[in-house]
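One predicted model, sequence on top.
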Amino acid sequence: MASFLENAYSLVHQDNAADVPSLSDLRTQLEKGTDESKVETMKRILTIMLNGDPMPNLLMHIIRFVMPSKHKALKKLLYFYYEICPKLDSNGKLKQEMILVCNGIRNDLQHPNEYIRGNTLRFLCKLREPELIEPLLSSARQCLEHRHAYVRKNAVFANDATCKRNAFAALASIDHEKALLYLSTVFEGIPNAEELLQLVELEFIRKDAVQNSQNKVGFSGSLGWAHI
């Protein structure tokens with residue numbers, strides 16, 4: 001069943017909404033632009049997408065003309081794009097193009113640069129499509145043995161969602177106020193959190209609402225989909 005957040009968007013300021021480039025213009029800029037100009041093109045694409053237009057017809061062009069680039073800023077924008085682009089077709093099946101995306105992600109998980117590996121592992125934590133995650137698990141697990149601590153740390157988060165769950169549960173049992181303070185910083189992300197983490201956060205909110213009734217109104221108003 002599709003998540004209620006699947007069609008939710010952020011509003012990102014555009015200097016001139018009437019100056020939105022056409023699909024054809026964006027394709028041309030991706031095909032013929034330099035890495036530096038593609039950075040600006042990708043920023044415009046992301047802004048348009050975050051304002052409600054998923055632009056599904058750009059996926060193949062981005063795979064062909066952005067994914068092979070080694071430009072660091074462009075690669076970072078590429079992973080922002082992967083986060084929000086439509087990955088499923090109208091039948092709820094993984095798009096065929098995502099097989100190529102999967103190959104590109106696997107290559108980055110094996111990249112000699114530890115920061116590219118780490119950034120890719122952080123991206124894996126945000127994926128929710130099992131068909132896309134499964135082929136990447138082997139490469140992600142290999143990163144657990146990487147010589148660089150930054151890679152190993154992100155590999156742990158990518159491989160085991162229970163780490164986040166257990167960390168929050170431990171904080172909640174040790175210091176209720178600090179757990180409440182932490183929760184206030186991630187509150188908007190609770191509906192989209194991993195299920196294990198989401199459950200322990202909701203349980204904490206329920207218990208806190210019993211102990212501190214003044215917090216209940218704020219919690220229940222923001223979490224209208226949960227019964228506290």
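It's in. Numbers count the residues shown, from 1 in each chain.

Skipping its backbone neighbours, what lies nearest the residue most central in space within the chain in space?
Nearest to the geometric centre of the chain sits residue 126, at 3.8 Å (C-alpha atoms, centre = their mean). If you skip the residues right next to it in sequence, residue 126 has residue 83 as its closest partner in space, 5.7 Å away by C-beta to C-beta, 6 or more residues apart in numbering. For every residue, glycine as well, the C-beta is placed using N, CA and C.

next helix or strand past the host helix or strand of that neighbour?
In this structure, residue 83 is located in helix 72-84 according to DSSP states H and E. The helix or strand immediately downstream of helix 72-84 is helix 97-109, counting by DSSP H and E.

what distance separates the very next helix or strand once past that next one from the centre of its chain?
Heading C-terminal from helix 97-109, the first helix or strand you meet, by DSSP H and E, is helix 114-124. Between the centre of helix 114-124 and the centre of its chain there are 12 Å (C-alpha atoms, centre = their mean, to the nearest Å).

Same question for stretch 99-111.
Centroid separation for stretch 99-111 versus its chain: 16 Å, with C-alpha atoms, centre = their mean.

pLDDT of it, averaged?
Model confidence over stretch 99-111 averages 95 on the pLDDT scale.

what does it contact?
Applying C-beta atoms under 8 Å, 6 or more residues apart in numbering, the contact partners of stretch 99-111 are 63, 67, 75, 82, 116-117, 119-121, 123-124, 132, 135-136, 139-140, 142-143.

again with stretch 130-144
Contacts of stretch 130-144 from elsewhere in the structure, counted by C-beta under 8 Å, 6+ apart, are 87, 94, 98, 101-102, 105-106, 109-110, 117, 121, 124, 127, 151-152, 154-156, 158-159.

What's the ChimeraX line that selects buried ones from those?
Of the contacts of stretch 130-144, the buried ones can be selected in ChimeraX as follows, counting by 16 or more other C-beta atoms under 10 Å:
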select :87,94,98,101,102,105,109,117,121,124,151,152,154,155,158,159
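
can I see the domain layout of this structure?
When the chain is parsed with automatic domain parsing, its domains come out as 17-86+94-159, 162-222.
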